[in-house]
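Asker: got a sequence here, can you build the structure:
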Amino acid sequence: MVKNKKIFVEYLTINNEIYENNKMRIAKNFPKYDKYKELFLYELFYHDFLKEKIKNMLSSNFYDVQFYDSFLIQLTEDEFDEIQYLFEQESDLEKEKWENDYSMVNLAISALRCDPKFWDV
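Answerer: Sure thing, here's the model as predicted:
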């Protein structure tokens, strides 16, 4: 018997100019779905079945589900196993956030270096 699994999908930001760069949150921990993984929509679109399921969910429930609402996607066991790596490795969005945070730290340090008090021992 094939078991079905579900993942929770939520839009964090919507970029109408570059649709694939929408920021998403996904979760797999039933029943609460409170441990999220943040990524870009294009990272989900690497899998055609996910792309289709997301498009179908948004288009078939157009009047019930707003574009920015969260929703559940039902997957087969094989599909679920195929996307398991998304939850285990760092996403492009998380890498970008870390690089931005790190650059802010470097900016703060360089600002402090210009302060004469920084060099006092």
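
Asker: show me where the protein has its helices.
Answerer: 41-44, 48-60, 77-82, 84-88, 92-113 (DSSP state H).

Asker: point out the most buried one among those.
Answerer: helix 41-44 (a mean of 20; mean count of other C-beta atoms under 10 Å). To be clear about C-beta, it is placed using only N, CA and C from the backbone, and glycine gets the same treatment.

Asker: what residues does it touch?
Answerer: By C-beta atoms under 8 Å, 6 or more residues apart in numbering, the list of residues contacting helix 41-44 from outside reads 9, 19-24, 26, 50-51, 54, 86, 91-93.

Asker: what's the farthest-apart pair in those?
Answerer: The span of the contacts of helix 41-44, defined through C-beta to C-beta, is set by 19 and 86 at 19.0 Å.

Asker: the longest strand belonging to the chain pairs with which strands, and in what direction?
Answerer: The residue-count maximum for a strand in the chain (DSSP state E) belongs to strand 4-13. Here strand 4-13 has these sheet partners by DSSP bridges: strand 23-27 (antiparallel), strand 71-76 (antiparallel).
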